[in-house]
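Undergrad: What would the 3D arrangement of this be:
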Amino acid sequence: MQSFLVGQCGEFFATIGNLRMKRHHTYPKHTFLVLGNYANGLVIVAIHLKALLVIPRGVRHQDWRAVLEPVVARYQGGNFRHYFRADAAFANPEVYEYLEAEGFEYAIRLPANDALLRDIEPLLTRPVGRPSNTPVVWYAGFLYQAKSWSCARRVVAKVEWHSGELFPRIGFIVTNLKRPPKAVVRFYNQRGTAEQWIKEGKNAVKWTRLSCHDFVDNQVRLQLFVLAYNLGNFLRQAVLPGSVRHWTLTTLREKLIKIGAKVVRHSRKVVFQMAEVAVPRELFRSILQAIERLRLPAGASA
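TA: Residues are numbered from 1 along each chain as shown. This next block holds a predicted model:
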């Protein structure tokens, strides 16, 4: 699950984990909280929009049910394992209990506190000897129970000592995964790619342009942006050859969709004359053939 804030006039504020907010000059009191749930690669399977007048601490996890519950219901009964990753905005015992009851394996960032630091105190001693240019990384796993938790849960810690830095970089993850601590951290770090997907949606489909006066209109507008985002990803994954499948949605739009052509009409055919600067002829032909193969056979029902 990933979330971000946008202004009512479309100004991108920050990721949800960053509390440094700024307000738009036209709508100084309104900000939108957007929760997105990614699955199957880059496809957004759920989106939720909420208007906020203020940004108090703790508001970030109040609307997780509106996004997560429909997605959980959709995937219940499937013969596959369920995983959930989220940042510290969702470090909430209600989220842990819900995921455990639904059979999900999760890894959620946990804010540091004095009790957690005491549990990894041996790792907080600077390594002896001459500092290496390569960071010294230590991992640890232990059971921890906060006052608001109903039971003890596994916490994985990562401590990094970097050359030239006085204090270590420390991170905690609460999880029910049975993997080694290093594997849990690697699994959690894959969540960072969602930040790039948010940036891609912002640049390619401009989904932060929620400038309508009515909130309902902005909800519909965001859903249309997400639909365009998912269609673009479907086109990229289903029809692009492997040599260009790394294209971003912005590149796909500028080189394949928003291109100029001269239309020449003949009695029996219509010819589109396009420059080969953006897309070579053979590549364009292979993409069209792949799109043609997506068509249902004659007489087949959807």
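Undergrad: alpha carbons only for contacts and neighbour counts from here, please
TA: OK.
Undergrad: Now G129: which helix or strand?
TA: Under DSSP states H and E, no helix or strand contains G129.
Undergrad: Could you give the backbone dihedrals for it?
TA: phi 110, psi -180 (degrees, to the nearest 10).
Undergrad: Pop the domain breakdown of the protein in here.
TA: 2-231, 259-293 (automatic domain parsing).
Undergrad: Mind putting those domains into CSV with mean neighbour count and distance to T248?
TA: Below are those laid out as CSV (neighbours: other CA atoms under 10 Å; distance: least, CA to CA, whole Å):
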stretch, mean neighbour count, distance to T248
domain 2-231, 16, 7
domain 259-293, 12, 14
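Undergrad: Those: lowest mean pLDDT?
TA: Comparing mean pLDDT over these, the weakest stretch is domain 2-231, at a mean of 75.
Undergrad: starting at the chain centroid, how far to that domain?
TA: Centroid separation between domain 2-231 and its chain, computed with CA atoms, centre = their mean, to the nearest Å, is 8 Å.
Undergrad: please renumber so the chain begins at 58
TA: That works, and once the first residue is 58, the last one we named lands at domain 59-288.
Undergrad: which element is the closest residue in space to F244 that isn't next to it in sequence on?
TA: Of all residues not flanking F244 in the chain, A164 sits nearest, at 7.9 Å (CA to CA, 6 or more residues apart in numbering). Per DSSP H and E: A164 is located in strand 162-167.
Undergrad: which element follows that strand toward the C-terminus?
TA: helix 171-176.
Undergrad: where's the spatially most central residue of the chain, which helix or strand?
TA: Nearest to the mean C-alpha position of the chain, by CA atoms, centre = their mean, lies A251 at 2.6 Å. Assigned by DSSP H and E, A251 falls within helix 250-261.
Undergrad: After that helix, heading C-terminal, what element do we hit next?
TA: Following helix 250-261 in sequence, per DSSP H and E, is helix 272-296.
Undergrad: Show me what the helix or strand following that following helix is packed up against.
TA: Downstream of helix 272-296, the next assigned helix or strand under DSSP H and E is helix 306-309. Helices and strands touching helix 306-309, by 3 or more CA pairs under 8 Å, 6 or more residues apart in numbering; DSSP states H and E, are helix 250-261, helix 272-296.
Undergrad: now the longest one, how far from the centre of its chain.
TA: It refers to helix 272-296. The answer for helix 272-296 is 15 Å, by CA atoms, centre = their mean.
Undergrad: sorry, back to before: include distance to E311 when you put the helices and strands packed on helix 306-309 into TSV, please.
TA: Listed next are these as TSV, based on distance: least, CA to CA, whole Å:
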stretch	distance to E311
helix 250-261	10
helix 272-296	12
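Undergrad: now for those, which one comes closest to C208?
TA: helix 250-261 (30.3 Å; CA to CA).
Undergrad: That closest one relative to helix 272-296, how many degrees between them?
TA: Put simply, helix 250-261 runs at 110 degrees to helix 272-296, going by axes from the mean of the first three to the mean of the last three CA atoms, to 10 degrees.
Undergrad: Next, the contact list for A332, please.
TA: Residues near A332 by CA atoms under 8 Å, 6 or more residues apart in numbering: A318.
Undergrad: Helix, strand, or coil at it?
TA: coil (DSSP: H, G, I helix; E, B strand; the rest coil).
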